[in-house]
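Enquirer: Return atomic coordinates for the entry below.
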Amino acid sequence: MWQHDVVAGLSVAVVTIPQSLAYAQLVGLPPVYGLYASLLPTLIAGLTASSPYIATGPTAIISLLTASVIASPGLLSLSTVIVIAATLALMVGLLQILFGLIKLGLLIRYIARPVVIGFMNAAAIIIAVSQFRVLFGVAPSDGFHFFRELASIIFYIDDINPYTAVFGLFSLVTLYAGKRYLPAVPWVLFVVVITIIVSYTTGFQGAVVGVIPTGFPRIGLSFIDPSLFSLLLVPAILIAFMGCIEGVTVAKSVSGRNSRIRPNNEMISQGYANIAAALSGTLPVAGSYSRTALTASTGARSRLTAVVVVLSVLAALFFASSFLRFLPKATLAAIIIVVVSRLIKLSVLRELIHDYPRDAVVAGATFVASFLFAPNLAYAVLVGVLVSILMLLYRNANPPSQVLYLDIPESYAAADLHFDDYPSNAHVAVVVWDGSITFVNAGAFEDVLLSTLSHEPKVSHVIILGRGINEIDTTGQETIESVYEQLKRSRITLVFSRLRNTPVKRLQESGLYNKIGSEYFFKRANDALASINQGKKT
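Expert: Next up is the predicted model:
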């Protein structure tokens, strides 16, 4: 069994090392800090996660969110960037452990899927655009703003370093073409090795990774600045939740039929990993989808895989640092662009527009807000959550309903149903209400019921089919009583059918059940119609 874990661990390490270097570059840290984030954090998460396959370390989305907090790494000293990243990692870890201990893992569900879809697509595009300058060897600007950066691409053509651009474009084309035509080949390792060799042999003078310290990272609390806690609280909460969303989603994607993913346990596990990242003085981490999928697909059987990955990264630090120093940063930029391009799934947005228009509004709002607020992406997620809440309120305020007019049949199944048609012989209006009756939609409920008065003057009974009514609050009870009184004055009898136990109990407790009359509550629509029919004959 251990042979499978060794093979899987080495396969994942081949991808982990260049990706970790690239994500540290994205944040504004020296690339070696990406390797530091793939040591203790990867080991601790690998040993404590509920899934043996999950590969924890630097990821594109969490790195982008971290970079958005630092905002302009090029304008800050290296020591300041390290302190911000490590302090943020500590706060993220503590929050994730707290959330897991008090069983808040289910709160992940309150960040609606359309919010995640809109954010992921926009974030991937933003990350790709942010790497264009590195890809072409153009000097960094004073802070990243998406639309300004996008517009400036055509203006810095004269500033492109042709040698850097060759490395970047070669890596980009090779990774895209190789993945498409020969997916089994480890193309990331290939472009890294080739560009390092060419960079070394040609004496490339462009931006390279540079000196990588040999050995273990320094462990301790010296990287933490408590004075930053209040400033970093909101982004730390966002990163904590987004990290858990990545972790849980990744774990579920590779979980077997007999395995069970526990969101609270995953939160705690990711929290431990982020505390380890903070003590190592590096950036926040999360579960990586691509590396986790690779772990599962290469035959991993146990948690030994994570140990092999960590040992491989350590080997790179001790024995390959003099080799990695010649790696062009343009190659790392190309790796980032290729990885995040797989997160861009505009087809999912098109499906939402076609099949779920309301969800498409939420995803679209988050998508647009991400570009408007970049690099402050925390606000984009908050906009998405707010829009999803508003759409939920709108949906609850206007639940599906239908008024059916019919004559007096012997049974509901045999009734002559009329949709949006008002026959002259209709005496019964059946109101199908598919939602609770609360303060959110009580007004809409009243409008639907009272519409029976204006549409069909011969209606003598209004039956409410209550199978979709799960709750009736105080406002709902007052509305039902008001409708009952208005119908009564018009000599129309209000009847309930198929009402669930909970709403019936609420009406009984308020006294409205007895006021309407227990004889007007029926288990089945047929019983209600039979009673009305009998009353008409007598």
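Enquirer: Verify the stated contact: His427 with Val459.
Expert: Yes: here His427 lies in contact with Val459, judged by Cβ atoms under 8 Å, at a distance of 6.3 Å. For every residue, glycine as well, the C-beta is placed using N, CA and C.
Enquirer: contacts for stretch 15-25?
Expert: 30-35, 37-38, 42, 55, 57-60, 63, 134, 186, 188-189, 192, 209, 282-283, 288, 290-291, 294, 309, 312-313, 316, 324, 327, 329, 331-333, 335-336, 339 (Cβ atoms under 8 Å, 6 or more residues apart in numbering).
Enquirer: Show me which helix or strand of this protein is least confident by mean pLDDT.
Expert: Within the chain, no helix or strand scores below strand 418-419, which has a mean of 40 by mean pLDDT, DSSP states H and E.
Enquirer: after that strand comes which helix or strand?
Expert: Later in the chain than strand 418-419, the nearest helix or strand by DSSP states H and E is strand 428-433.
Enquirer: Looking at His427 and Val459, which one has more neighbours?
Expert: With neighbours defined as other Cβ atoms under 10 Å, His427 and Val459 compare such that Val459 has more, 21 against 17.
Enquirer: what about the closest residue to the more buried one other than its chain neighbours, neighbour count?
Expert: Counting by Cβ to Cβ, 6 or more residues apart in numbering, Val459 lies nearest to Ala429, which is 4.9 Å off, once chain neighbours are set aside. Other residues lying near Ala429 total 24 when counted by other Cβ under 10 Å.
Enquirer: Can you name the residues that contact the closest residue to Leu393 other than its chain neighbours?
Expert: Once flanking residues are discounted, Leu393 sits nearest to Val440: 6.2 Å by Cβ to Cβ, 6+ apart. By Cβ under 8 Å, 6+ apart, the contact set of Val440 is 393, 396-397.
Enquirer: how is this structure carved up into domains?
Expert: 2-391, 401-537 (automatic domain parsing).
Enquirer: Mean pLDDT lowest where, among these?
Expert: Among these, domain 401-537 carries the lowest mean pLDDT, a mean of 79.
Enquirer: which ones are touching Asp159?
Expert: Asp159 neighbours (Cβ under 8 Å, 6+ apart): 138-139.
Enquirer: Next, work out how far apart it and Val138 are.
Expert: Using Cβ to Cβ, to the nearest Å, Asp159 is found at 5 Å from Val138.
Enquirer: beta partners for the residue nearest to Val459?
Expert: Bridge pairing for Ala429 (DSSP bridges) gives the partners Tyr405, Val462.
Enquirer: From Val483, how far off is it?
Expert: From Ala429 to Val483 the distance is 12 Å (Cβ to Cβ).
Enquirer: circling back: where does the residue nearest to Leu393 sit, in terms of helix or strand?
Expert: Assigned by DSSP H and E, Val440 belongs to no helix or strand.
Enquirer: Surely Gly299 and Trp2 touch.
Expert: No: in this structure, Gly299 is not within contact of Trp2 by Cβ under 8 Å, at 11.3 Å.
Enquirer: neighbour-wise, which of these two wins?
Expert: Gly299 (15 against 11).
Enquirer: Tell me which residues are up against stretch 40-47.
Expert: 16, 52, 54-57, 219, 269-270, 272-274, 276-277, 279-280, 282, 285, 287, 303, 305-307, 309-310, 313.
Enquirer: Narrow the residues you listed to those in strands?
Expert: 56-57, 287 (DSSP state E).
Enquirer: Could I have the buried ones of these as PyMOL selection syntax?
Expert: Buried residues within the ones in strands among the contacts of stretch 40-47, by 16 or more other Cβ atoms under 10 Å, are selected in PyMOL with:
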select buried, resi 56+57+287
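Enquirer: Which one of the ones in strands among the contacts of stretch 40-47 is nearest to Val116?
Expert: Nearest to Val116 among these is Gly287, at 14.2 Å by Cβ to Cβ.
Enquirer: OK, contacts around that closest one?
Expert: Taking Cβ under 8 Å, 6+ apart, one finds 45, 49, 54-56, 59, 243, 246-251, 266, 270 in contact with Gly287.
Enquirer: Check the domains of the chain for me and report the most buried one.
Expert: domain 2-391 (a mean of 20; mean count of other Cβ atoms under 10 Å).
Enquirer: That domain: end-to-end distance?
Expert: 51 Å (Cα to Cα, to the nearest Å).
Enquirer: Chain neighbours aside, what residue packs nearest to His427?
Expert: Nearest non-adjacent residue to His427 (Cβ to Cβ, 6+ apart): Ser460, at 5.1 Å.
Enquirer: Just the ones of the contacts of Val440 in helices?
Expert: Judged by DSSP state H, the contacts of Val440 include 393, 396-397 as members of helices.
Enquirer: can you put the residues you listed in CSV and add distance to Leu349?
Expert: Formatted as CSV, these follow (distance: Cβ to Cβ, whole Å):
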residue, distance to Leu349
Leu393, 23
Asn396, 24
Ala397, 26
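Enquirer: Nearest to Thr502 among the residues you listed?
Expert: For these, the nearest to Thr502 is Asn396 (16.9 Å; Cβ to Cβ).
Enquirer: What is the neighbour count of that closest one?
Expert: Counted with other Cβ under 10 Å, the neighbours of Asn396 add up to 14.
Enquirer: Please report the distance of it from Leu372.
Expert: For Asn396, the distance to Leu372 equals 28 Å [Cβ to Cβ].
Enquirer: same thing with Asp473?
Expert: Asp473 sits 37 Å away from Leu372 when distances are taken as Cβ to Cβ.
Enquirer: Pro328 too?
Expert: 33 Å.
Enquirer: list the contacts for Phe216?
Expert: By Cβ under 8 Å, 6+ apart, the neighbours of Phe216 are 39, 314, 317.
Enquirer: and it, which of the three is it?
Expert: Secondary structure, DSSP: H, G, I helix; E, B strand; the rest coil: Phe216 is coil.
Enquirer: and what of Leu238?
Expert: With three-state DSSP as the basis, Leu238 sits in helix.
Enquirer: nearest residue to it other than its sequence neighbours?
Expert: Ala378 (4.6 Å).
Enquirer: What strand or helix carries that neighbour?
Expert: helix 377-397.
Enquirer: what's that helix packed up against?
Expert: In terms of contacts (3 or more Cβ pairs under 8 Å, 6 or more residues apart in numbering; DSSP states H and E), helix 377-397 is packed against helix 60-70, helix 113-130, helix 229-254, helix 357-373.
Enquirer: Look up how far Ser322 lies from Thr214.
Expert: 8 Å.
Enquirer: Residues touching stretch 353-372, excluding its own?
Expert: Outside stretch 353-372, the residues touching it (Cβ under 8 Å, 6+ apart) are 112-115, 117-119, 121-123, 125-126, 146-147, 349, 352, 377, 379-381, 383-384, 387-388, 391, 394-395.
Enquirer: what's the answer for stretch 223-230, then?
Expert: Applying Cβ under 8 Å, 6+ apart, the set of residues contacting stretch 223-230 from outside is 82-84, 86-88, 90-91, 278-279, 281.
Enquirer: can you put those in a markdown table and add distance to Thr164 and secondary structure?
Expert: Converted to a markdown table, the contacts of stretch 223-230 look like this (distance: Cβ to Cβ, whole Å; DSSP: H, G, I helix; E, B strand; the rest coil):
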| residue | distance to Thr164 | secondary structure |
| --- | --- | --- |
| Ile82 | 26 | helix |
| Val83 | 30 | helix |
| Ile84 | 28 | helix |
| Ala86 | 30 | helix |
| Thr87 | 33 | helix |
| Leu88 | 30 | helix |
| Leu90 | 36 | helix |
| Met91 | 36 | helix |
| Ala278 | 33 | helix |
| Leu279 | 35 | helix |
| Gly281 | 29 | coil |
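Enquirer: Now flag whichever of these is closest to Asp434.
Expert: For those, the nearest to Asp434 is Met91 (43.8 Å; Cβ to Cβ).
Enquirer: how close does the closest one sit to Ser401?
Expert: Distance, Met91 to Ser401, using Cβ to Cβ: 47 Å.
Enquirer: Where do the helices of the stretch 1-150 of the chain begin and end?
Expert: Counting by DSSP state H, counting those that start in this stretch, residue ranges of the helices within the stretch 1-150 of the chain are 2-27, 32-36, 40-48, 60-70, 78-101, 113-130, 132-136, 146-152.
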